[in-house]
Structure formats: C-alpha cells, structure tokens
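Student: Return atomic coordinates for the entry below.
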Amino acid sequence: MDFFISAAHAQQAGSPPPGAGFQIFMIIGLIVMFYFMLIRPQSKRNKEHRQMVEKLAAGDEVVTNGGVAGTVTEVGETYMKITVAEGVVVTVQKQAVGTVLPKGSLESL
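Tutor: Below you'll find the model as predicted:
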C-alpha cells in the first residue's frame, strides 16, 4: 500500500490538455458576441428612450406602454398628465411613454 502512495506523489505534473487555448479563445469570443448582439443594442435603446422622455413637453401626442394615447398637458419631474378624452386626464410616469406621435395623429384615430 505504501508503494502506491509514493508512486502517486512521484509523478510529474501533467501538461495542459491540447486545445485548452482554443477553449479560452471560444469563451472570449462568446463574451464579445454577447456584448455586440445583446448589451450594446439594449443600452442604445435605453439612451434613445431617455432622450425622448427628457424632450417631452406640453402639447406632444404620446402613446404609453399600456396603449393609452393622449396629449400631454403637464410635465413634472417624474410624472406627467395626459388628456385622453374631453375632460379625462390621466397621470402617468414619464418613463411609461412608449412613443411620441407626430402632431395631429390623434385626430385621425
């Protein structure tokens, strides 16, 4: 029994398996691919949405993420008021705006 233990300790450390460098290259390649296909486009969309929300002003026609279409009547720091119909005013978060419509679009709906 003592013979097997000493033989195991006496063995040389093995070299890395062939192809280990290729595996590391593939992992780095996948990370780069995820960045350009997922992370970068998402951050670009977030930046565009943030700029759109900052430019909102009274009189803009918008559609919220929930599908409510109306005209912005008042813009606050975090919330804004949207006139949906005659005498119907809805208060929503500015971040809930999904699209800013061209002027006159609500009349055609």
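
Student: what sits against Gln93?
Tutor: The contact partners of Gln93, taken as Cβ atoms under 8 Å, 6 or more residues apart in numbering, are 78-80. Backbone N, C-alpha and C define where each C-beta goes, glycine included.

Student: Can you check those residues and name whichever has the most neighbours?
Tutor: Met80 (23 neighbours; other Cβ atoms under 10 Å).

Student: you'd agree it is in a strand?
Tutor: Yes: when classified by DSSP: H, G, I helix; E, B strand; the rest coil, Met80 is found to be part of a strand.

Student: Test my guess that it contacts Ala57.
Tutor: No: Met80 lies out of contact with Ala57 (Cβ atoms under 8 Å); the separation is 9.7 Å.

Student: intersection of neighbour lists for these two?
Tutor: Common neighbours of Met80 and Ala57 (Cβ under 8 Å, 6+ apart) are Val72.

Student: where's Leu38 relative to Val32, distance?
Tutor: 11 Å (Cβ to Cβ, to the nearest Å).

Student: Now do the same contact list for the most centrally placed residue in the chain.
Tutor: In the chain, the centroid-proximal residue (Cα atoms, centre = their mean) is Gln42; its distance is 4.0 Å. Not one residue lies near Gln42 by Cβ under 8 Å, 6+ apart.

Student: per-residue confidence for it?
Tutor: Here, the pLDDT recorded for Gln42 equals 96.

Student: No further queries at this time; thank you.
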